[in-house]
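Participant: Okay, here's the prediction I keep looking at, along with the sequence it came from:
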Amino acid sequence: MKARTVRLWSVVHTWTSLVSTLFLLLLCLTGLPLIFHHEIDELLGYAPQPEAHASAARATPQVVADAALAADPGRVLQYVSWDKDEPGLVTAFTNSAPDAAPDGTTVRAFDAVSAKLLGPVGVGPMLIVLKLHTDMFAGQTGKLFLGAMGLLFAVAIVSGVVLYWPFTRRQRFATIRDSAARRVRWLDWHNLIGAVTVAWALVVGLTGVVNTWAELMLNQWKATELASMVAPYAGKPPPMHLASLDDVVARAKQAAPGMEVAFIAFPGTPFTSSHHFAAFMRGDTVLTARLLKPVLLDGETGEVADARALPLYLQALLISQPLHFGDYGGMPLKMIWAALDGLTIVVIGSGLYLWVARRRKRAPAKADAFARRAPVPS
Amino acid sequence: MHGSSDRARLWIRVFAAPGLLATATITGLMAALLWGTVGQYVAWVTVGAPIAVVAWVWVRRRSQKAGPFLPTKRGK
């Protein structure tokens, strides 16, 4: 590789890293507790726990819906969801109107057997950490900004791989030059940790970027696929009375055999039309549990109107989520995720240190050169 | 001819280990997603491999540093 090419890649690596450093540190530091958010919420008492029951007969969806409405008088149901990993809980989302702003949504957990209110969900300190991690309290703009920082991170990684060759080709793999200056030792650590974690960092970085586009993708789906699904019902008024949720769930299961309901969106919410329920169905493997299939049902009769697989870009979004969160391989994978996150912090921190150290080293040299050039006063 | 084969050998020497670790990581990430419980075990080993390498280098360095200060038999 020519010296000029190396310099060029070095400039790309330095500046893509420097511009994104502060935000990447924020993402890594907030990402660390988020890996264990279930455990932390449980520890701090913010995770509702299901009651112990002798019988396994679960409350019907309509009973849970009634309990949710009774817990939040004067408001309406937006969504009811069933988490595969929390079979003892049913989560209900209520708001002042089906299409009201998400900030006004109240999320509560109910016991899956007794339909008893267990408590609020998604509150406590982890909510602040989550908001910092996803949008820095700046809404969609914050999300897209962090996505752009993620793209810079990906460019920094690729340029780092290119630079790995000229910087390490004279050394054996994993050489740390102990006899050399501290800056050189940190350069070796930076190169080693960066090289061994490159695939993980790229996957987590790029899936994070994809996640920042979630709202844009959903809007695109609503404007195209969902619009064509509800087109035959255009002009139909919102339902005067809603079909029983028990009927809706039973018919959705018939329309998607072998699948379970992940969540139901009520008519008028952003995930469906003003006249339809949308049941989002999931499979039973790690992969198919992520790939949701929407089934559209008439809001008044509960009859199935349409059922289609999600488009590829939304499937990519759904698959990218576990690859970003690291929550699909049990506690050992979570711990590995945390360790790799810690190593990424070391790479970012050492990169910053190397940049500062190089500038400090250059400063006296520049001053000497200036002093040599300066005319001697007579 | 020699120049290009030497260069290829050098290229392999530089990128073989990081390349293998990257392949192992990707395999593990996909395995946990596609192969259920067995995939999880594969992921623990392969995604954890980079951490093992860093830990090995750190321990090796510490033990090399500690080497000269180890007690030696007097007179030898």
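Facilitator: Looks like it came in fine.
Participant: and the gap between A:Asn191 and B:Thr25?
Facilitator: Here A:Asn191 is placed at a distance of 17 Å from B:Thr25 (Cβ to Cβ, to the nearest Å). The way it works is simple: take the backbone N, C-alpha and C, and place the C-beta from them, glycine included.
Participant: Look at the two and report which has more neighbours.
Facilitator: Comparing A:Asn191 with B:Thr25 by other Cβ atoms under 10 Å in any protein chain shown, the one with more neighbours is B:Thr25, at 25 against 22.
Participant: three-state assignment of that one?
Facilitator: Following DSSP: H, G, I helix; E, B strand; the rest coil, B:Thr25 is assigned to helix.
Participant: Could you measure from it over to chain A?
Facilitator: Here the criterion is Cβ to the nearest Cβ, to the nearest Å. By it, B:Thr25 lies 4 Å from chain A.
Participant: Mind checking if the host helix or strand of A:Thr30 is in reach of chain B?
Facilitator: Element membership of A:Thr30, judged by DSSP states H and E, is helix A:3-35. No - Helix A:3-35 lies out of reach of chain B by Cβ under 8 Å from any Cβ of the partner chain, never closer than 13.2 Å.
Participant: Show which residues not belonging to the helix or strand following that helix make contact with it.
Facilitator: Downstream of helix A:3-35, the first helix or strand assigned by DSSP H and E is helix A:37-44. Under the criterion Cβ atoms under 8 Å, 6 or more residues apart in numbering or on different chains, residues A:33, A:47, A:49, A:124-126, A:129-130 lie in contact with helix A:37-44.
Participant: And the helix holding A:Thr30, what's buried?
Facilitator: Across helix A:3-35, burial judged by 16 or more other Cβ atoms under 10 Å in any protein chain shown covers A:9, A:12-14, A:16-17, A:19-21, A:23-24, A:27-28, A:30-35.
Participant: does A:Gly299 really touch A:Ala265, like I thought?
Facilitator: No - if you go by Cβ atoms under 8 Å, A:Gly299 and A:Ala265 don't touch, sitting 10.9 Å apart.
Participant: out of those two, which sits in the more crowded spot?
Facilitator: Neighbour totals were compared for A:Gly299 and A:Ala265, and A:Gly299 leads with 27 against 24 (other Cβ under 10 Å).
Participant: Quick check: that one vs chain B, distance?
Facilitator: On the measure of Cβ to the nearest Cβ, A:Gly299 and chain B end up 35 Å apart.
Participant: Next, the contact list for the residue of the stretch 251-378 of chain A found nearest chain B, please.
Facilitator: Residue of the stretch 251-378 of chain A nearest chain B, by Cβ to the nearest Cβ: A:Gly329 (4.1 Å). By Cβ under 8 Å, 6+ apart, the contact set of A:Gly329 is B:32, B:39-40, B:43-44, B:47.
Participant: where does chain B dip in pLDDT?
Facilitator: Applying pLDDT under 70 to chain B picks out residues B:1-3, B:67-76.
Participant: Near chain A, which residues of it are found?
Facilitator: Residues of chain B lying close to chain A (Cβ under 8 Å from any Cβ) are B:10-11, B:13-18, B:21-23, B:25-26, B:29, B:32-34, B:36, B:39-40, B:43-44, B:47-51, B:53-54, B:56-57, B:61, B:64-65.
Participant: Which among these count as buried?
Facilitator: For the residues of chain B next to chain A, a burial check counting by 16+ other Cβ under 10 Å picks out B:14-15, B:17-18, B:21-22, B:25-26, B:29, B:32-33, B:39-40, B:43-44, B:47-51, B:53-54, B:57.
Participant: Three-state assignment for residue 50, please.
Facilitator: Just going to use chain A. Put simply, A:Pro50 is coil when judged by three-state DSSP.
Participant: not what I meant, chain B
Facilitator: Taken by three-state DSSP, the conformation at B:Pro50 corresponds to helix.
Participant: How many neighbouring residues does the residue in the stretch 1-150 of chain A that chain B sits nearest to have?
Facilitator: Nearest residue of the stretch 1-150 of chain A to chain B, counting by Cβ to the nearest Cβ: A:Met1, 10.9 Å away. Look at A:Met1: counted by other Cβ under 10 Å, it has 11 neighbours.
Participant: who's in contact with it?
Facilitator: By Cβ under 8 Å, 6+ apart, the contact list for A:Met1 reads A:165-166.
Participant: gap between the residue most central in space within chain B and A:Gly194?
Facilitator: What sits nearest the mean C-alpha location of chain B, by Cα atoms, centre = their mean, is B:Val53, with 3.8 Å. Separation of B:Val53 from A:Gly194 (Cβ to Cβ): 12 Å.
Participant: Do a quick rundown of the strands in the stretch 51-200 of chain A.
Facilitator: Using DSSP state E, counting those that start in this stretch, the strands of the stretch 51-200 of chain A run over A:76-81, A:89-95, A:106-111, A:117-120.
Participant: mind listing what's buried in the last one?
Facilitator: Put plainly, it is strand A:117-120. A:117-118.
Participant: thinking again about what came up before, columns secondary structure on top of the contacts of A:Gly329, output as a markdown table?
Facilitator: Listed next are those as a markdown table, based on three-state DSSP:
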| residue | secondary structure |
| --- | --- |
| B:Ala32 | helix |
| B:Gly39 | helix |
| B:Gln40 | helix |
| B:Ala43 | helix |
| B:Trp44 | helix |
| B:Val47 | helix |
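Participant: List just the nearest of those to A:Ala338.
Facilitator: A:Ala338 has its nearest neighbour among these in B:Val47, at 11.9 Å by Cβ to Cβ.
Participant: How about that closest one: what's its closest non-neighbour residue?
Facilitator: In space, B:Val47 comes closest to B:Gly28 once its chain neighbours are excluded; the distance is 4.0 Å by Cβ to Cβ, 6 or more residues apart in numbering or on different chains.
Participant: could you list every residue that touches the one you found?
Facilitator: With contact taken as Cβ under 8 Å, 6+ apart, B:Gly28 is in contact with B:42-48.
Participant: Check for me that it belongs to a helix.
Facilitator: Yes - assessed with three-state DSSP, B:Gly28 lies in a helix.
Participant: got the residue ranges for the strands in the stretch 201-350 of chain A?
Facilitator: Assigned by DSSP E, counting those that start in this stretch, the stretch 201-350 of chain A shows strands spanning A:260-265, A:276-282, A:293-298, A:304-307.
Participant: number of nearby residues for A:Ser228?
Facilitator: Neighbours of A:Ser228 using other Cβ under 10 Å come to 11.
Participant: that older thread, looking at the contacts of B:Gly28, which two lie furthest apart in space?
Facilitator: Greatest spacing in the contacts of B:Gly28, by Cβ to Cβ: B:Val42 and B:Gly48 (10.6 Å).
Participant: Alongside chain B, which residues does the stretch 51-200 of chain A contribute?
Facilitator: Residues of the stretch 51-200 of chain A lying near chain B by Cβ under 8 Å from any Cβ: A:164-165, A:168-169, A:172-174, A:176, A:178, A:192-193, A:195-200.
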